[in-house]
Structure formats: C-alpha cells, structure tokens
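S.K.: next comes the sequence, and after it the predicted model I'd like to discuss.
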Amino acid sequence: MAKGPGQAKSGGRDRSDRAEIDRALLRAAYDADTAKVIAALEDGADVNVADSVTGLTALHIAVGTNNLHLTRILIEDWEAQIRPDAKGRWPTVIAAEAQVDMALADYIVEAEAAALN
C-alpha cells in the first residue's frame, strides 16, 4: 500500500539500514524488478532517493529503461516527485534521449505537465 510522497515506514531504522533499503530500491529499478521495487518501498525506501553515482531516482530509471508499468506505479501509487535528475534532465528529456515507446512518452509528458501546474 502506498505511503505518499517520500513517506515510508521507518520503524526506527538507523541510517545504514535505510541506505541499504534505498540501494535495494535503485537496484530493483535498474533490474526492472517491479516486485522488488514495491518491496523496498514497503520496507521504508525513499521513493525519491537518487543514486549517489548517477543522480537518478527510481522514476528516472524507470523512464530511461522504457518501463511504463513501473513508471506508473512510482507516480500513481507512491507519488514519486517529478523533478530533474542530478544533470538537470527532466523525465521527459530522459524519455526523449532513451527513445521510449509512445505510450510512455505520452504518459510522462502528461504527468510532468500536471506536476508543474
């Protein structure tokens, strides 16, 4: 069940536990493993955490890997923030650079426009 923007149960976890859960989220996003993404979020991962090397969030990764299903889950169920990555690229720019399918391109354009209004 979704917790809302950046909201996740912390259960008193220390920073190293939280960092590991956040890394698990990003690994699962890179692997396009939706079940593991959801599990990491339910375990307390921050939906908006950025990879320390690439500056990408799970949302940026989902868009860049042409994964409409995961993109929708992150935005609709977990309220991932639509924002630029560490290089200043908005999800729509990442979609264009990755030449994603039209369905994902249309979805992210609409979601980004709604977030900016």
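M.R.: That came in fine, so what should we check first?

S.K.: excluding chain neighbours, what is closest to residue 107?
M.R.: In space, and not counting its chain neighbours, residue 107 is closest to residue 68: 6.2 Å by CB to CB, 6 or more residues apart in numbering. In short, each C-beta sits where N, CA and C put it, glycine included.

S.K.: and for that neighbour, the neighbour number?
M.R.: Counted with other CB atoms under 10 Å, residues neighbouring residue 68 total 17.

S.K.: does it touch residue 106 like I think?
M.R.: No. With contact defined as CB atoms under 8 Å, residue 68 does not count as touching residue 106 (9.6 Å).

S.K.: can you pull the contacts of the residue nearest to residue 107?
M.R.: 101, 103-104, 107 (CB atoms under 8 Å, 6 or more residues apart in numbering).

S.K.: residue 108 now?
M.R.: 63, 71, 91-92, 95, 100.

S.K.: export the least confident helix or strand in the chain by mean pLDDT to PDB, keeping only CA atoms.
M.R.: When the helices and strands of the chain are scored by mean pLDDT, DSSP states H and E, helix 15-30 comes last with a mean of 95. Output of helix 15-30 as PDB, limited to C-alpha atoms (Å, rounded to 0.1, in the frame of the first residue of the first chain):
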ATOM      1  CA  ARG A  15      20.900   5.300   8.700                       C
ATOM      2  CA  SER A  16      22.800   2.300   7.400                       C
ATOM      3  CA  ASP A  17      19.700   0.200   7.300                       C
ATOM      4  CA  ARG A  18      17.900   3.000   5.400                       C
ATOM      5  CA  ALA A  19      20.700   3.400   3.000                       C
ATOM      6  CA  GLU A  20      20.700  -0.300   2.200                       C
ATOM      7  CA  ILE A  21      17.000  -0.300   1.600                       C
ATOM      8  CA  ASP A  22      17.400   2.800  -0.700                       C
ATOM      9  CA  ARG A  23      20.100   1.000  -2.600                       C
ATOM     10  CA  ALA A  24      17.900  -2.100  -2.900                       C
ATOM     11  CA  LEU A  25      15.200   0.100  -4.400                       C
ATOM     12  CA  LEU A  26      17.600   1.600  -7.000                       C
ATOM     13  CA  ARG A  27      19.000  -1.900  -7.900                       C
ATOM     14  CA  ALA A  28      15.500  -3.200  -8.400                       C
ATOM     15  CA  ALA A  29      14.600  -0.300 -10.600                       C
ATOM     16  CA  TYR A  30      17.700  -0.800 -12.700                       C
END
